[in-house]
Every structure is written in structure tokens, then in C-alpha cells.
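In: coords below, sequence missing:
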């Protein structure tokens, strides 16, 4: 065979396998209770709905469902999404503001491909979503990290970084934020900080990418407005790109996502998507459209919220019960994840092997930090494990933590 | 909004909207009979099968169907594809040699992304498939064109170009060939030339990308072996990457394709795909697997071949009947397209507007040539129009051609 090392392009050399996916392989060991994945609970998938929906679609729209569709996405799905945005978010948009994607990972790829040349600085949260970091890195960006507190990204630090980049004449391309029940931390960006983010986007004329896969899964508390909406209301700029997916509200197996942005940006993205996969599955777009049109979305999301809230509450109660003093964790109002902080001197990286030995798994927090920080943190998923596994798994994890803490 | 011109990366500036997609908009004019698209005939889509299949899948594999799948693709689909390859092509491969893709356009993107850095020469046919040209160009390659005759790429010319590139110390990455009923020309690469391509691949140690979306749709004649198989049989190199899709044998609306290659190459591709869309729709992969497992594929393909052959024969008969002397065309043994050559001095580009006025459309041949040649050629699709439209459309087209030829 050809010499792969000599023949590969730059992008694949930059693209590393996701640490999560590699870790997940270890967690497949029989008997391991895993909080490492990020999977929705298959117990709540709407199986019957899919069967009925496909029947309806084949009856009425079979020719659309099985054919190539327009690259920008089917109008049937955009129509429903426009209604959803107006009803749920108070956002009014047109078809031209929307691009259907093969789920949100493709949306992130399109954003990266549209803006990033090698060495362009991209501002990300510490910690940040690994799938975003991975794809942006593949385009050769330089990351600039901004730390977070319990109400999201530290906006004073964000301003400092923007000012510094501007003074250096650096071509910073966008700020990447996961504002609602962030993966990995479970943290939500406060309304006040969102306002500041919008102001900074105007002041430094920088795109903000608002990636929000979990927003609809809110168990409690009041949702702050979407950054996109707050930006629109200033009527000054139109710098926000928002990314949606039905992977957590319906099913990841359909691979349906959506980008909302200024129509000039969408236009450029459509051309890119043409070369990426021509179009997203028409069948799956119609199933998604039907999910909204029939009202199933609104019924289903209540079920998802109920099940995930119960699991989140169970995990919080178990952490309270079993973890030693000095360990803290976030209390997410929604989503799929929470974030555990061990005492500064304890490394969750080093502890991982021990945890696997004790048949419990998590994702090391450092994997979400572009600067290698966060060694004393870990991400726990509560949507996938059963209530029994949550209790037993946290018990095991607490044992491992206590053992580690006793060493020092 | 931010200044898009200042903020775009290099890739989107290189990525042009597909000429076909732009032309297709013109052909939407009411009353136009279009030979311009490349759509399968929706009359033959297996609607009932999809309904039954989804029911079966939700009963037995619902949890797999609606969940995230492995990036490399579901074993259920790979198993079926392995059987198909052995039965139909006499090729034995393992799971590690296969990557499921979001149809063949994504396969082309992954190939481009894996190998192409700016200025790398890529060898393509004259004419070649536009979707391939578009995505390879987005990675900044330099194209080197090799002309074709009625039995495919001119291998002596291919050798000359390879020798020239080698002598220049150029980092040529691959040869891109659509060997069966090529889009756009309808031409099939002969067994003899395939053998020579394999030899050249060994001699110049160069990857050959064998993109074969139409191979299963053969109406008549004997299929030459796949290039992949002939390469394997030499036991010398393992330089062939073959790309498959079910878009033409089943339905494009599912977006399911497959890459077959050396496992080291597949391994690298899997990492890339992770960042592109994590995984291809599990539901659609299972529908595709079911299509093979139930034997529906073998029943269905007979229907497709029958319908398309009838249309192809009708188009050939109409060309014979209506076209003036001096006009020639290919006689494809399968696929969806044929290729018309006008007298040298007639430009199909210039004639296009007139054709639209006469309510008939085609794709200009020059759009498939990376060197701007082929101005006197056009691509006609015979799979989508009805038999009536084929007769009426060719009549109209012949009228336009005659008028043009009379001017000179």
C-alpha cells in the first residue's frame, strides 16, 4: 500500500480520535456501570410514533421521502421548526435563515469549515464540548480558553481575551458557547451574562456560536432567553449562529439538526453542505417534521423531562449521601450531565484506571479543557444509566474517591 | 453583521455552487422537459418495503435504530454488504475494510479530506463527476485531466501524466475514476484498461478511487471485474478505494453509502467521520441492511433495470429518429445517463438558453471538464423522465440543435 504517513493531508493529522470514544471502549468491560457516555435513555424513545409516522409519510409523501432533497433542507421541516421557534422562543425567522444538517455535529463541521483557516483563534469555554473542539481543531485553529463559573462563561475574562486578540490584530473568528446545561459541566449561562455576551459580540464584531442541544430538556427553573433572540432585539448586529438538534428530544438515530443564522451565512453554508453530503435524509426530515406537526414533540418532551429529572435527582442524592467532604458538583436544571470537582490535588485522570477496576466509569474532565487544566474534574452522565445503576455506581465511585483522598 | 468576505476561510471561497444545481433551478420553469437532473425514477421506489421494514426494525432493533451508532457503521449493515460483495463481485472483505457513510458524496468528502492538501495534483477523467470535482477542489487540489474514449480513460495518457508528475516530484494523491456507466458520459471502463489501471497504480504507487454508484444497474453485456478485485488478485498493493451507494439501487432519501479500502485507510477515515457527523443514521442503516437481508435488493434491482432499460432504449431510438447527421451519442449498457456530442463548432453552452425557450433542458458538458473543454457536449438523463417526455423532449432538443447547425 501507499505510505500513509507520507500521503495524508494536514487535516487528518490534526484530527485526533475523540478521547470519549476511546474511553467508551474501556467502559464496555462487562460489569462496569458507566457514567461516561452521553446517550439518551432508550426507554423513552418513541418507537410506535416512528412506525406510524413512516406509514403516514409513505402514504402521502413517499416520493419526497425517498428522493434527493434540496441541500438547504425540506420546506416541510423548516415550516415546523419556524413554528416551534416562534412558540417556544419568541423568535421569528424565515426559511432562508435555516439550514437542515445531518445532526449538530455536521453543523459544527460546517461552522468550522466556513470560518477557520489554520492559526485563526477560536474562543471556547473551559471546559467545552469535545465534539466541537475536535472538529474546529481539524481546521487548524488556535484555541483561546475562557473559564466558567456556576452561571457560565466569565464575561470579564471573555472581554479581556477579545481585547488582547484585537490588539494583536489576530483574526479571531468566533466564540463557541454551549449556553444551556452545558456538555460537560451542566452549567447554564445566566440571562445577565447572555446580555453581556451580545454586547461584546457587537463591540468586537465577532460571531457567537450558540450550540444548544439540551435547551428543551429543562426540569426546573426559568429558561433565560436564547442568545440569538437577545442579539436580534438589539437590532444592531446579526452575529449569532444557533445550532439545534433533535438527538436529545427525539432520537439521535435520525441525525437531524438545524442551523439558524443570518441568511448570507446560511447561503454560504448551503454551498459547503452540497459538497459534504448533498442533502440530509429526506425520510428522516419528514419524520422529524411529523414529530412537530402532530404535537408528539410536546407530549414526548414531558416524558423525557420527567425521566431525566428523576435520574438527576437520584444522582444528586447519591452524591450527597456517598461522596466525602471536599468533593463538589454542579446541580443542573436540565440536560444530561453533571460535573464533579475533586479536591485540587486529586487527579481524575490518574484515578480512572482504579475506577474501571471498581467497575465504574466517567469521563476525565481534562479531556474537555483545551489547556490541559481540569485534572481534578469529571463528567457524569445521568440520562442513560438506570436508577439502580446510579445508586450502585455512585457508591463505587465514592469508594474510589475516598481511597484516593486517603493516600495524600 | 460581520464582514463575510473578510471572515470566510479558504475552503468556502474555493467551493463553488454546483453548476447542475444552479441549472436545475432554470429547468423548474413550468412546461420544461428536463434531461438535466440525475434523479432515480420515483415510480420504482419500494414504498411498501420501507413501511414493513421500519415496523420489523422497531419490533426487534428499535433501541439500535434510534440510538447513536458506532462511527464506522452498524455491524448489521456491514454483514449484509460483505455477503453482497462476495456473491456479486467475488470480493472477500472484513468489517475493518468497510466504513458506512452518509451516501457517496460524504465518501468523496472523506477521501478528499484524508489526502488532499492545497496544490496536490489529483488525476481525473475528462469528463468527470461534478460532485467529486467540487469537493476535491474545496480542499485546494490541482486537477490533472485525462481524456476518455468509448471504453474509458485513455491509459497511455494516464501513464504519461503519472510519469510527468513523478518526474516533477509532484505529490500526486490519487486517480479518480467512475468506471461503470460513468456520470456523465455513460461509458464503462473495459476489463483490459482496468488491468492497466491496476498496473499503473502499482508502478506509480498511487491510490485509485473507484467510485461506482451505478454498477448494479447493468441492462446488458457482461460486467468487467471491479478494479478493487483485480488489484487484490495481483497481491502486490492495496491501493484501491471503492465507493458504493444505495441511492440508485434503493433510494437516495436514505443517504447510505459505503467505502471499501485497506483497513489502515479505513481507520483514518473513521476518525475523520467522527468529526463530520459522528455516525450515519442508525435507522437508515438498518433499513438498508434489511433490504439486503430479506432479498428485496435482488428483486428490486430487476425492476429498476427493466424500467431504466426501456427508457434508455426509447431515448436511443428517439435520438436516432430526430437528431440530424453529425450528432453522436454513447450507448450505455446501464446507469442513468448518456452523452451527446454535437459537431465541434456547436456550443452546447450557448445553445442552453434556446433549449430552455423550447422547453427542454440538459446539462452542459463543459461543466464536467476541469479544463473547460467539451463545449460541444451535453449530458442527458433517461431515468427520471417518462417515456412520453423522452419522445417529446428529444424532439424539441433535435429542433434546437438543427436550428443551431443551420446558422453556421
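Out: Looks like it arrived, so ask away. Quick caveat, the model's predicted, so the values are computed rather than measured.

In: Return the residues of the stretch 51-200 of chain A in contact with chain B.
Out: Counting by Cβ under 8 Å from any Cβ of the partner chain, the positions of the stretch 51-200 of chain A adjacent to chain B are A:51, A:54-55, A:58, A:62-69, A:71, A:102-103, A:105-106, A:109, A:113-117, A:120, A:131, A:134-135, A:138-139, A:171, A:173. Glycine gets a C-beta too; all of them are placed from N, C-alpha and C.

In: the domain parsing of chain A - what is it?
Out: Dividing chain A into domains by automatic domain parsing, as the record does, gives the ranges A:4-46+A:299-407, A:48-297.

In: Give me the three-state assignment for the spatially closest residue to residue A:10 that is not a sequence neighbour.
Out: Computed as Cβ to Cβ, 6 or more residues apart in numbering or on different chains, the closest residue to residue A:10 that is not its neighbour in sequence is residue B:117, at 5.5 Å. In terms of secondary structure, residue B:117 is coil; the call rests on DSSP: H, G, I helix; E, B strand; the rest coil.

In: Could you report the pLDDT at residue B:117?
Out: Residue B:117 carries a pLDDT score of 94 in this model.

In: picking up where we left off before, taking the residues of the stretch 51-200 of chain A next to chain B, please make a ChimeraX selection of just the buried ones.
Out: Of these, the buried ones can be selected in ChimeraX as follows, counting by 16 or more other Cβ atoms under 10 Å in any protein chain shown:
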select /A:51,54,58,62,64,65,66,67,68,69,71,102,103,105,106,109,113,114,115,116,120,131,134,135,138,139,173
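
In: need the contact list for the residue in the stretch 301-408 of chain A positioned nearest to chain B.
Out: Of the residues in the stretch 301-408 of chain A, the one nearest chain B is residue A:384, at a distance of 9.8 Å by Cβ to the nearest Cβ. By Cβ atoms under 8 Å, 6 or more residues apart in numbering or on different chains, the residues touching residue A:384 are A:34, A:37-41.

In: so can I have TSV of those showing secondary structure and pLDDT?
Out: Converted to TSV, these look like this (DSSP: H, G, I helix; E, B strand; the rest coil; pLDDT from 0 to 100):
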residue	secondary structure	pLDDT
A:34	strand	95
A:37	coil	89
A:38	coil	91
A:39	coil	94
A:40	coil	96
A:41	coil	97
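
In: Can you say which of those residues are also within reach of chain B?
Out: The subset of those within reach of chain B, by Cβ under 8 Å from any Cβ, is A:39-40.

In: and the contacts of residue A:384, which two are the farthest apart?
Out: Of all pairs drawn from the contacts of residue A:384, the greatest distance, 14.4 Å, lies between A:34 and A:40 (Cβ to Cβ).

In: Could I get the full set of helices for the stretch 301-408 of chain A?
Out: Taking DSSP state H, counting those that start in this stretch to define them, one finds helices in the stretch 301-408 of chain A at A:348-357, A:387-407.

In: Quick check: phi and psi on residue A:233?
Out: phi -70, psi -20 (degrees, to the nearest 10).

In: Quickly note the distance from it to chain B.
Out: Remark: distance between residue A:233 and chain B (Cβ to the nearest Cβ, to the nearest Å) = 16 Å.

In: Remind me which helix or strand the residue of the stretch 101-250 of chain A found nearest chain B belongs to.
Out: Closest to chain B within the stretch 101-250 of chain A is residue A:135: 4.0 Å, counting by Cβ to the nearest Cβ. Taking DSSP states H and E as the definition, one finds residue A:135 inside helix A:130-138.

In: The following helix or strand past that helix: which residues count as buried?
Out: Reading on from helix A:130-138 to the C-terminus, the next helix or strand found by DSSP H and E is strand A:142-149. Neighbour-count burial for strand A:142-149, counted by 16+ other Cβ under 10 Å, picks out A:142-146, A:148.

In: where's residue A:275 relative to chain B, distance?
Out: In terms of Cβ to the nearest Cβ, residue A:275 sits 4 Å off from chain B.

In: In a helix, that residue, correct?
Out: Yes: with three-state DSSP as the criterion, residue A:275 is assigned to a helix.

In: could you point out where the stretch 151-300 of chain A is predicted with low confidence?
Out: Low-confidence segments of the stretch 151-300 of chain A, defined by pLDDT under 70, are absent; every residue clears the threshold.

In: those strands in it, which residues are they?
Out: If you assign secondary structure with DSSP state E, counting those that start in this stretch, the strands in the stretch 151-300 of chain A sit at A:152-153, A:174-177, A:207-211, A:240-245, A:257-260.

In: would a markdown table of those strands with mean neighbour count be doable?
Out: Supplementary listing: those in a markdown table, determined by neighbours: other Cβ atoms under 10 Å in any protein chain shown:
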| stretch | mean neighbour count |
| --- | --- |
| strand A:152-153 | 26 |
| strand A:174-177 | 27 |
| strand A:207-211 | 26 |
| strand A:240-245 | 25 |
| strand A:257-260 | 25 |
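
In: Of these, give the one that comes closest to residue A:81.
Out: Using Cβ to Cβ as the measure, strand A:257-260 is the one of these that comes nearest residue A:81, at 5.8 Å.

In: In contact with residue A:227, which residues?
Out: For residue A:227, the contact set (Cβ under 8 Å, 6+ apart) comprises A:177, A:179, A:189, A:194, A:197-198, A:208, A:210, A:240, A:242.

In: where does the stretch 251-400 of chain A come near chain B, residue by residue?
Out: Contact residues, the stretch 251-400 of chain A versus chain B (Cβ under 8 Å from any Cβ): A:251-255, A:262, A:264-265, A:268, A:271-272, A:274-284.

In: Got a quick ChimeraX command for the buried subset of these?
Out: With 16+ other Cβ under 10 Å as the burial test, the buried ones among these are selected in ChimeraX as follows:
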select /A:251,252,253,254,255,262,265,268,271,272,274,275,276,277,278,279,280,281,282,283,284
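
In: May I have the distance across stretch A:273-290, first residue to last?
Out: Length of stretch A:273-290, first residue to last, Cα to Cα, to the nearest Å: 24 Å.

In: hmm, I was thinking of stretch A:145-165
Out: Across stretch A:145-165, the straight-line distance between its terminal residues is 12 Å, by Cα to Cα.

In: gap between that stretch and the chain center?
Out: In terms of Cα atoms, centre = their mean, to the nearest Å, the gap separating the centre of stretch A:145-165 from the centre of its chain is 19 Å.

In: residues making contact with that stretch?
Out: Counting by Cβ under 8 Å, 6+ apart, A:121, A:123-128, A:144, A:172, A:175, A:177, A:179, A:182, A:185, A:187-190, A:192-193, A:196-197, A:200, A:203-204, A:206, A:330, A:369-371 sit against stretch A:145-165.

In: quick revisit: got TSV for the strands of the stretch 151-300 of chain A, with distance to residue A:375 too?
Out: Formatted as TSV, the entries for those read as follows, by distance: least, Cβ to Cβ, whole Å:
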stretch	distance to residue A:375
strand A:152-153	21
strand A:174-177	22
strand A:207-211	25
strand A:240-245	29
strand A:257-260	32
